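Participant: turn this into a model:
(chains A and B)
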There are 2 protein chains.
Amino acid sequence: MRALAGRRDLACINTATLGHREPFERTVRRVAAAGFEYISPWRREIDEDHPEEAAKLIRAAGLKTGGYCRTEYFSADDVAGAKAAIDSNRRAVEVAAVLGAPFVVAVVGGLAPHSKDIEASRAQILEGLAALVPTLRSTGVGIALEPLHPFYAADRSLLNTVEQARQWCELLDPRNESIFGIAVDAYHVWWDPELEMSLQRAAGRVKALHVCDWLRETHEPLLDRGMMGDGVIDLERLRGMVERGGFTGPIEVEIFSKDNWWRRPPDEVLNVCRQRLDTVV
Amino acid sequence: MRALAGRRDLACINTATLGHREPFERTVRRVAAAGFEYISPWRREIDEDHPEEAAKLIRAAGLKTGGYCRTEYFSADDVAGAKAAIDSNRRAVEVAAVLGAPFVVAVVGGLAPHSKDIEASRAQILEGLAALVPTLRSTGVGIALEPLHPFYAADRSLLNTVEQARQWCELLDPRNESIFGIAVDAYHVWWDPELEMSLQRAAGRVKALHVCDWLRETHEPLLDRGMMGDGVIDLERLRGMVERGGFTGPIEVEIFSKDNWWRRPPDEVLNVCRQRLDTVV
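Facilitator: Predicted structure coming up:
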């Protein structure tokens, strides 16, 4: 396992961790000053008609782009909705290329809004992902399929385990040309009884490792994530499993925390994140 | 698949569905009047020093006991805590025998309160379950291992999928002597990409099928369950999978719904449950 202490070049921050309270420009400066080499922005922060401006800001601060967040949901009630999602996600891939992001994170969507047919929605999602392949090939940008916690199966993602993501990668990118890979987020996968075996099988497929923590008393399933070390996840063990599979990328901190960390001063949040990366991840 | 319409002998109500607002005696009478043949009570409703009284009430109303809810968590920070849980759960098994319940539902416990060692807590839980075997054999009562939704992994259950429950059954009851089986609850398992395959493998192991529904907009992960038909779960499909595995027991309605169904008159709740069993399950 890699030693993380002092490794600015392995430290990545996802801007959601700061709650999107400030202009992107300020966020970029703060992140660079706090000792991260990578930043993963969200689409809401980027003018997708002129992404070169954001790209310049990132480079000027001495940063690199980790990943680009994120796809719109591929599942939809009708063909027009499915097509609109694909078009939007194609644009996200093009923008990621301008930003120098190696991949777009895919949150794939849950059941189509008026459906109970889980297999049909999964099939629709897979079709949508497959439709991105020409753009992925021409840009060289990949898709990091992010399995989301099963809590979000209905409304956000029918992709819910590492093993399922690996199977989708096999379908979508059978020769592992790095077109499709997996974003492993500790929050979403820590509970999985098959996690270790799944990550062994997924060796060479993991494009991103996201960290935060699962608070033992979690009252709100979306925006109550914990800082690394404050919850129940054995993050070192998880990182070990991922790195044994050949992962060499930076570790990305992504914390949605409406009532705690999003209320604290951004520099404090960044400093605690940086310190916890060194000590508990 | 069985046709459920009018099948009182396949209709079971879990008393939690009524929110435990009334004395057990009244609940028993209401349940019988509403057209259920089975009732699954909770330990809080039963005087475990004199369970024959509750058993008499149930019989006098013409009802049978479905299952008995539920074990205390086997995971604990120390040996004394683990032993206390086993002792309590042994008592639950003895009481179930008096009530005529074929099984006790096991909610096994999450991570031990001060632990991040998921494997150690799972091992402790398995040890606790194994310690019940002599009592299970002498009473003829079984344990229905209930995989809980992964949302509860930290604080309620490290048993989270049907496949994991099947593997535990193989460990604890390798000859399938009906000592250990599985309680499949739609709410906990509907999202699982391996559900169909897992239920095929678990054929002959399912002791109970619990139904309710997953509301698309679920704001509170514990007490915001939906009435069958009001959410996203294809309950008929799930029941088909379970019945193809040989399940012949009653279908048990179990709805935790603090802000909706627990506020409605008990007879209304029972009537809607009964009707939905006939039409959407």
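
Participant: ok, how many other residues are close to the closest residue to A:R44 other than its chain neighbours?
Facilitator: The shortest distance from A:R44 to any non-neighbouring residue, by Cβ to Cβ, 6 or more residues apart in numbering or on different chains, is to A:H20 (6.7 Å). Bear in mind the C-beta positions are built from the backbone N, C-alpha and C, glycine included. Burial of A:H20 is recorded as 15 neighbouring residues (other Cβ atoms under 10 Å in any protein chain shown).

Participant: now do the contacts for A:H20.
Facilitator: A:42, A:44-45 (Cβ atoms under 8 Å, 6 or more residues apart in numbering or on different chains).

Participant: would you say A:V105 is within a strand?
Facilitator: Yes. Under DSSP: H, G, I helix; E, B strand; the rest coil, A:V105 falls within a strand.

Participant: between the contacts of A:H20, which sits nearest B:I182?
Facilitator: Of all the contacts of A:H20, B:I182 sits closest to A:W42, with 41.2 Å by Cβ to Cβ.

Participant: identify the bridge partners of the spatially closest residue to the closest one that is not a sequence neighbour.
Facilitator: Leaving out its chain neighbours, the residue that sits closest to A:W42 by Cβ to Cβ, 6+ apart is A:C69, at 4.6 Å. The partner list for A:C69 in beta bridges (DSSP bridges) reads A:W42, A:V105.

Participant: tell me the pLDDT at the nearest residue to A:E217 once chain neighbours are set aside?
Facilitator: Spatial nearest neighbour of A:E217, excluding adjacent residues (Cβ to Cβ, 6+ apart): B:D155 at 7.1 Å. pLDDT recorded at B:D155 is 96.

Participant: and B:D155, how far is that from B:E170?
Facilitator: Distance, B:D155 to B:E170, by Cβ to Cβ, to the nearest Å: 27 Å.

Participant: those two: who's more crowded?
Facilitator: Legend: neighbour count by other Cβ under 10 Å for B:D155 and B:E170, higher for B:D155 (19 against 15).

Participant: which residues touch that one?
Facilitator: So B:D155 contacts A:216-217, B:110-111 (Cβ under 8 Å, 6+ apart).

Participant: rerun at 10 Å
Facilitator: Going by Cβ atoms under 10 Å, 6 or more residues apart in numbering or on different chains, B:D155 touches A:214-218, A:232, B:73, B:75, B:109-111, B:113, B:222.

Participant: can you put these in CSV and add secondary structure and pLDDT?
Facilitator: Shown next, in CSV, are the contacts of B:D155 (DSSP: H, G, I helix; E, B strand; the rest coil; pLDDT from 0 to 100):
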residue, secondary structure, pLDDT
A:W214, coil, 98
A:L215, coil, 97
A:R216, coil, 94
A:E217, coil, 86
A:T218, coil, 86
A:V232, coil, 98
B:Y73, coil, 98
B:S75, coil, 98
B:G109, strand, 98
B:G110, coil, 98
B:L111, coil, 98
B:P113, coil, 96
B:L222, coil, 89
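
Participant: any idea what the residue nearest to A:G100 when sequence neighbours are not counted is bridged to?
Facilitator: Nearest-residue entry for A:G100: A:T65, 4.9 Å, with adjacent residues in sequence omitted and distances by Cβ to Cβ, 6+ apart. Going by DSSP bridges, A:T65 is paired in beta bridges with A:I39.

Participant: A:T65: how many residues sit nearby?
Facilitator: There are 21 residues near A:T65, going by other Cβ under 10 Å.

Participant: A:G246: what's it in contact with?
Facilitator: Applying Cβ under 10 Å, 6+ apart, the residues near A:G246 are A:202-206.

Participant: on the three-state scheme, it is what?
Facilitator: coil.

Participant: could you check how far it is from A:A202?
Facilitator: Distance from A:G246 to A:A202, by Cβ to Cβ: 10 Å.

Participant: same deal with A:D87?
Facilitator: Counting by Cβ to Cβ - A:D87 and A:A202 are separated by 30 Å.

Participant: who's more crowded, the two?
Facilitator: A:A202 (24 against 12).

Participant: list the contacts for the more buried one?
Facilitator: Contacts of A:A202 (Cβ under 10 Å, 6+ apart): A:162-163, A:165-167, A:169-170, A:181-182, A:184, A:241-242, A:245-247.

Participant: from what I see, A:G204 and A:N176 are in contact.
Facilitator: Yes. Contact criterion Cβ atoms under 10 Å: A:G204 and A:N176 qualify, at 6.2 Å.

Participant: what about the helix or strand in which A:L126 is found, distance to the chain center?
Facilitator: Under DSSP states H and E, the secondary-structure element containing A:L126 is helix A:118-131. On the basis of Cα atoms, centre = their mean, to the nearest Å, helix A:118-131 is displaced by 20 Å from the centre of the chain it belongs to.

Participant: again with stretch A:135-155
Facilitator: Per Cα atoms, centre = their mean, the centroid offset for stretch A:135-155 relative to its chain is 8 Å.

Participant: buried residues in that stretch, which are they?
Facilitator: A:135-136, A:139, A:141-155 (16 or more other Cβ atoms under 10 Å in any protein chain shown).

Participant: same question, stretch A:78-88
Facilitator: Result for stretch A:78-88 [16+ other Cβ under 10 Å]: buried residues A:81-82, A:85-86.

Participant: A:R26 contacts A:E45, correct?
Facilitator: No. A:R26 sits out of contact with A:E45 when judged by Cβ under 10 Å, with a separation of 11.0 Å.

Participant: who has more neighbours, the two?
Facilitator: Per other Cβ under 10 Å, whichever of A:R26 and A:E45 has more neighbours is A:E45, with 17 against 12.

Participant: what sits against the residue nearest to the more buried one when sequence neighbours are not counted?
Facilitator: Excluding the flanking residues, the one nearest A:E45 by Cβ to Cβ, 6+ apart is A:F24, at 4.3 Å. By Cβ under 10 Å, 6+ apart, the residues touching A:F24 are A:15, A:39, A:41-42, A:44-47, A:53-54, A:57-58.

Participant: what is the neighbour count of A:E217?
Facilitator: A:E217: 9 neighbours (other Cβ under 10 Å).

Participant: cool, the one 10 residues further on as well?
Facilitator: Other residues within reach of A:M227 by the criterion other Cβ under 10 Å amount to 22.

Participant: distance check, it against chain B.
Facilitator: 14 Å (Cβ to the nearest Cβ, to the nearest Å).

Participant: residues contacting that residue?
Facilitator: Contacts of A:M227 (Cβ under 10 Å, 6+ apart): A:17, A:211-213, A:215, A:253, A:255, A:257, A:260-261, A:269, A:272-273, A:275-276, A:280.

Participant: among these, which are in strands?
Facilitator: A:211, A:253 (DSSP state E).

Participant: from the contacts of A:M227, which two are the most distant?
Facilitator: A:L215 and A:Q275 (18.7 Å).

Participant: out of these two, which sits in the more crowded spot?
Facilitator: Higher neighbour count among A:L215 and A:Q275: A:L215, with 19 against 16, using other Cβ under 10 Å.

Participant: residues near the residue nearest to that one when sequence neighbours are not counted, how many?
Facilitator: Among residues not flanking A:L215 along the chain, A:G226 sits closest, at 4.2 Å (Cβ to Cβ, 6+ apart). By the criterion of other Cβ under 10 Å, A:G226 has 21 neighbours.

Participant: give the contact list for A:G226.
Facilitator: Contacts of A:G226 by Cβ under 10 Å, 6+ apart are A:187, A:212-218, A:232-233, A:255, A:257, A:260-261.

Participant: top of those residues by number of neighbours, please.
Facilitator: A:C212 (29 neighbours).

Participant: you'd agree A:R237 is in a helix?
Facilitator: Yes. Per three-state DSSP, A:R237 lies within a helix segment.

Participant: re earlier: could I get the contacts of A:G246 as TSV with secondary structure, pLDDT and distance to B:V31?
Facilitator: Shown next, in TSV, are the contacts of A:G246 (DSSP: H, G, I helix; E, B strand; the rest coil; pLDDT from 0 to 100; distance: Cβ to Cβ, whole Å):
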residue	secondary structure	pLDDT	distance to B:V31
A:A202	coil	98	48
A:A203	coil	98	53
A:G204	coil	97	56
A:R205	coil	98	51
A:V206	strand	98	51
